[in-house]
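Undergrad: 3D, please:
(2 chains)
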Number of protein chains: 2
Amino acid sequence: MKQSQLFTKTRKEAPADEVSKNAEFLTRAGYIYKEMAGAYAYLPLGICVLEKIKQIIREEMNAVGGQELIMTSLQRKELWENTDRWSDENVDVWFKSKLKNGTEVGFGWSHEEPISEMMKNYISSYKDLPAYVYQFQTKMRNELRAKSGILRGREFVMKDLYSYSLDAEQHEKFYQGVIDAYMRVFERVGLGDDTFVTFASGGAFTQFSHEFQTITDAGEDVIYINRDKKIAINNEVLSDKVLQDLGVTRDELEEVKTAEVGNIFNFGTKKSEQMNLYITDENGEKKYVHLGSYGIGVTRLMGVIVERFADEKGLVWPESVAPFQIHLVSLCSEEADVKKADELYETLTKQGKEVLYDDRIGVRAGEKFADSDLIGIPLRVIISPKTLAQDSVEIKKRNESEAKIIAIDELLK
Amino acid sequence: MKQSQLFTKTRKEAPADEVSKNAEFLTRAGYIYKEMAGAYAYLPLGICVLEKIKQIIREEMNAVGGQELIMTSLQRKELWENTDRWSDENVDVWFKSKLKNGTEVGFGWSHEEPISEMMKNYISSYKDLPAYVYQFQTKMRNELRAKSGILRGREFVMKDLYSYSLDAEQHEKFYQGVIDAYMRVFERVGLGDDTFVTFASGGAFTQFSHEFQTITDAGEDVIYINRDKKIAINNEVLSDKVLQDLGVTRDELEEVKTAEVGNIFNFGTKKSEQMNLYITDENGEKKYVHLGSYGIGVTRLMGVIVERFADEKGLVWPESVAPFQIHLVSLCSEEADVKKADELYETLTKQGKEVLYDDRIGVRAGEKFADSDLIGIPLRVIISPKTLAQDSVEIKKRNESEAKIIAIDELLK
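TA: Just a heads-up that it's a prediction; the model follows:
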């Protein structure tokens, strides 16, 4: 894409009302726009990153047998009353409104209830299990405060997967498979080393549930980790008993600030019992279905990636989620040179490379470099009268300081 | 995809509360699920069709210079008060709710206001124009009644594009370009012959606005068309004067029922004046920006395609939007035959074909054929002990009645 045509522009100043690094840089670089606290629009560069993250998650969810669908945001009151999750006392993040005829409706903040209700149409025999479904849904949560940029939103994108299993064993096997799939996701987006499967309190059915926590100062959580043993425990379950079970001592643990990027939860048969979701087994007997739910905050994940890699100059994207692979920065102004720069852009694009081409005329070199650092594309390629004199370009990785001159022919290989 | 693994199942009976053909067939075939009147979930087959339609629209919007973004559903009251579109008297489709601190918010039913407000950050000079942005947004509209399936929803997907132009001339040129791009979209999804650019009332700035109307008995509109001259006029503007201007007589017009699949609208500088969106021109003078908005109802378009092509047996998808290209229906049950059917599926998939593979064992042939007709994939390929005896398959197009036997080798070519 030609930068001269990109309608967004970079800004030097951070918006006065943003305190988080992710919102500051993403806004300054033109990735996001704040509609209100906790609700951000995603502009062309932002939507590129978001789609890349979604595609990575989609591939991993498909690989474990997930089938994609998309539920509605509008929610029926009755459905959530059945499971005692409609009242504002029990769930304090509902946005609610009314149909013209006065019927109360809510806007989805989670989707266990509607998806399970829908599944009743398709699950009746043991032969119908297991079934795994997921969606990328824009969740609405009426948070009291929203001040961490895209880390905690009133409107945000979440991937939520739901598993329907015949028994505890079938459930457990899939549950373990999702843990692995989630770690592959975090690995692929560049957060593998900093993300820990964290023991958290398990509720009524299991000793533990699992959170996926990524180390970042911007996080709201505190967990205790042992990097060598790759063990992490959250505050709620930190006890001598648990430490003993996990084979780690308090001294071996390090306290770190983290953001929760994913969580997985075992509902056992509780929700199925509330909702009357059951199958008939081989012996003709009625059995309630085991339900698991598995979330990844997609927009939050984007924010955590920013927090993890950004430096004082701006964003630094891992290749797998960068909006473009190459930032081709032209310092050419003479017609013949501009033509050569244009040709290089065309050739790279035809090769299937994703290129943002800074073709702007009349913008100082220093400003172009500052913009390039702010936007944070992994590889910067400078083409200028000086490099062209040697049929070369200057290349530099965003996360390295060393630049080098290479022949254009070499770049194209 | 293997049909044995698809969690949805077909149903013989139409849901009692659905009166429209699109909702009936899409529900029975497992494409959609009704959460409440006017709000449907899109299941795996449904999401495939939706994404194909979106991709066609995306390509055409990119081709005219559109840049994709995604705004928020949450809307600020102040913004819409400025243009007098907040009150329920002026706009009767708002869903509204409240933040925890009591601040009223709305859920977006259209996005001229927030996008134009956002554009103020990026448009200040004549050099910044033109700019074209679009999104695929889930719109919320609190409709009094919603009974046409996915043709009219309370929650539905819309593509909305907004153009920001320097003057009437620049606006007009783009506006004409969008008319052509829209017709390419309707052509590509199979509705070209049935879709008419229709003269409608133009508001304050132009004699006409333009609607895109597709002939269908399920539609809510009535228009007057001349097929030879490809002229269409809606009710509001049908007058002797207009007929004369367009060079057509009343006798030459045919009255048809239609559904509006797209509309384009010229706001002139009215909204920019209300919102204070202006640029500085070459002479340093302040000029208000010309705004156009251009919508395509994406889910509605899917519904109209169903209404247009479905027959008494079920859905009939045009190739361009079908969830799969080939429905491979296996009637094999012996191990050696099943293996050959599996191999054919693998080979077709490896060739990049999109195949739904009915690998279900123990389902009668008649039931499989009925399901195949209901699901409506363009090409049905039957593999059975009988066809395998001749190393063949039986192929039949969904919209033709003639089947023929061809060698497997030929199919693979």
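
Undergrad: Now the residue positioned nearest the centre of chain A: closest residue in space that isn't a chain neighbour?
TA: The residue lying closest to the centre of chain A (C-alpha atoms, centre = their mean) is residue A:298, at 2.6 Å. Among residues not flanking residue A:298 along the chain, residue A:157 sits closest, at 4.2 Å (C-beta to C-beta, 6 or more residues apart in numbering or on different chains). For every residue, glycine as well, the C-beta is placed using N, CA and C.

Undergrad: Compute the number of surrounding residues for residue A:242.
TA: Residues within reach of residue A:242, counting by other C-beta atoms under 10 Å in any protein chain shown, total 15.

Undergrad: That one should be in a helix, yeah?
TA: Yes: under DSSP: H, G, I helix; E, B strand; the rest coil, residue A:242 sits within a helix.

Undergrad: Could you report the separation of the nearest residue to residue A:150 once chain neighbours are set aside from chain B?
TA: In space, and not counting its chain neighbours, residue A:150 is closest to residue A:303: 4.1 Å by C-beta to C-beta, 6+ apart. With distances taken as C-beta to the nearest C-beta, to the nearest Å, residue A:303 is found 16 Å from chain B.

Undergrad: Residue A:303: what's it in contact with?
TA: The contact partners of residue A:303, taken as C-beta atoms under 8 Å, 6 or more residues apart in numbering or on different chains, are A:20, A:22-23, A:26, A:148-151, A:218, A:259.

Undergrad: what about it, is that helix, strand or coil?
TA: Under three-state DSSP, residue A:303 comes out as helix.

Undergrad: what's the pLDDT at it?
TA: According to the prediction, residue A:303 has pLDDT 98.

Undergrad: Now, the contacts of residue A:303 that are in strands?
TA: Judged by DSSP state E, the contacts of residue A:303 include residue A:259 as members of strands.

Undergrad: Turn the contacts of residue A:303 into CSV, including pLDDT and neighbour count.
TA: Compiled in CSV, the contacts of residue A:303 are given as follows (pLDDT from 0 to 100; neighbours: other C-beta atoms under 10 Å in any protein chain shown):
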residue, pLDDT, neighbour count
A:20, 94, 18
A:22, 97, 27
A:23, 97, 24
A:26, 98, 30
A:148, 92, 22
A:149, 95, 29
A:150, 96, 30
A:151, 95, 29
A:218, 95, 19
A:259, 97, 27
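
Undergrad: Looking at the contacts of residue A:303, which are in helices?
TA: Counting by DSSP state H, the part of these found in helices is A:22-23, A:26.

Undergrad: tally of neighbours for residue A:200?
TA: Look at residue A:200: counted by other C-beta under 10 Å, it has 23 neighbours.

Undergrad: For it, give me its contacts.
TA: Taking C-beta under 8 Å, 6+ apart as the contact definition, residue A:200 lies against A:208-211, A:234, A:236-237, A:263.

Undergrad: which parts of the helix or strand of chain A with the lowest mean pLDDT are buried?
TA: Ranked by mean pLDDT, DSSP states H and E, the helix or strand of chain A with the weakest confidence is helix A:240-246, at a mean of 89. The neighbour-count check on helix A:240-246 (16 or more other C-beta atoms under 10 Å in any protein chain shown) flags A:243, A:246 as buried.

Undergrad: just stretch A:221-241 next, same as before
TA: Residues of stretch A:221-241 classed as buried: A:221, A:223-226, A:231-234, A:237 (neighbour count, 16+ other C-beta under 10 Å).

Undergrad: nearest to chain B, of those?
TA: residue A:221 (22.0 Å; C-beta to the nearest C-beta).

Undergrad: Grab the nearest non-local neighbour of that closest one.
TA: Closest residue to residue A:221 apart from its sequence neighbours, by C-beta to C-beta, 6+ apart: residue A:258 at 4.8 Å.

Undergrad: Run a quick check on that neighbour versus residue A:223, I expect a contact.
TA: Yes: with contacts counted by C-beta atoms under 8 Å, residue A:258 reaches residue A:223, the gap being 5.2 Å.

Undergrad: Could I get the full set of helices for chain A?
TA: A:21-28, A:44-63, A:77-82, A:112-119, A:168-188, A:240-246, A:270-275, A:298-309, A:335-350, A:365-375, A:385-388, A:408-412.

Undergrad: on that earlier part again, going by distance to residue A:394, which of the contacts of residue A:303 wins?
TA: Minimum distance to residue A:394 across these is 27.2 Å, recorded for residue A:26 (C-beta to C-beta).

Undergrad: And that closest one, how close does it get to chain B?
TA: Taking C-beta to the nearest C-beta, one finds residue A:26 at 13 Å from chain B.

Undergrad: is it true that that residue touches residue A:50?
TA: No: assessed by C-beta under 8 Å, residue A:26 is found out of contact with residue A:50, at 11.0 Å.

Undergrad: residue contacts, residue A:302?
TA: Residue A:302 neighbours (C-beta under 8 Å, 6+ apart): A:22, A:46, A:49-50, A:53, A:150, A:321.

Undergrad: I'd like the distance between residue A:216 and chain B.
TA: 24 Å.

Undergrad: Pull the contacting residues for the residue lying closest to that residue once chain neighbours are set aside.
TA: Nearest non-adjacent residue to residue A:216, counting by C-beta to C-beta, 6+ apart: residue A:307, 4.6 Å away. When contacts are counted by C-beta under 8 Å, 6+ apart, residue A:307 touches A:20-22, A:151, A:216-218, A:259.

Undergrad: try 10 Å
TA: Applying C-beta atoms under 10 Å, 6 or more residues apart in numbering or on different chains, we find residue A:307 in contact with A:20-22, A:25, A:148-149, A:151, A:214-219, A:259.

Undergrad: Residues that sit against both of residue A:26 and residue A:50, list them.
TA: A:32, A:42, A:150, A:302.

Undergrad: need the contact list for the nearest residue to residue A:9 once chain neighbours are set aside.
TA: The shortest distance from residue A:9 to any non-neighbouring residue, by C-beta to C-beta, 6+ apart, is to residue B:122 (5.7 Å). For residue B:122, the contact set (C-beta under 10 Å, 6+ apart) comprises A:6-9, A:11, A:30, A:33, A:43, B:128, B:131, B:133, B:164.

Undergrad: What pLDDT is listed against residue B:122?
TA: At residue B:122, pLDDT is 96.

Undergrad: in the sheet, who's paired with the closest residue to residue A:163 other than its chain neighbours?
TA: Spatially, and ignoring its direct neighbours in sequence, residue A:163 is nearest to residue A:292 (4.1 Å; C-beta to C-beta, 6+ apart). Beta-bridge partners of residue A:292, counted by DSSP bridges, are residue A:163, residue A:266.

Undergrad: Distance check, residue A:292 against residue A:208.
TA: As judged by C-beta to C-beta, to the nearest Å, residue A:292 and residue A:208 stand 14 Å apart.

Undergrad: now residue A:388
TA: From residue A:388 to residue A:208 the distance is 61 Å (C-beta to C-beta).

Undergrad: Could you do residue A:117 as well?
TA: Distance from residue A:117 to residue A:208, counting by C-beta to C-beta: 28 Å.

Undergrad: try residue A:337
TA: From residue A:337 across to residue A:208, the span is 62 Å (C-beta to C-beta).

Undergrad: hmm, who's touching stretch A:225-243?
TA: A:193, A:195-202, A:207-213, A:215, A:221-224, A:245-250, A:252-256, A:258, A:260.

Undergrad: mind running it again at 7 Å?
TA: A:196-201, A:208, A:211, A:213, A:221-224, A:246, A:248-250, A:252-254, A:256 (C-beta atoms under 7 Å, 6 or more residues apart in numbering or on different chains).

Undergrad: Now the buried members of the residues you listed.
TA: Here, 16+ other C-beta under 10 Å leaves A:196-200, A:208, A:211, A:213, A:221, A:223-224, A:246, A:248, A:253, A:256 buried among the contacts of stretch A:225-243.

Undergrad: near chain B, which residues of the stretch 101-250 of chain A?
TA: By C-beta under 7 Å from any C-beta of the partner chain, the residues of the stretch 101-250 of chain A that approach chain B are A:114, A:118, A:122, A:131, A:133, A:138, A:142, A:144, A:154-155.
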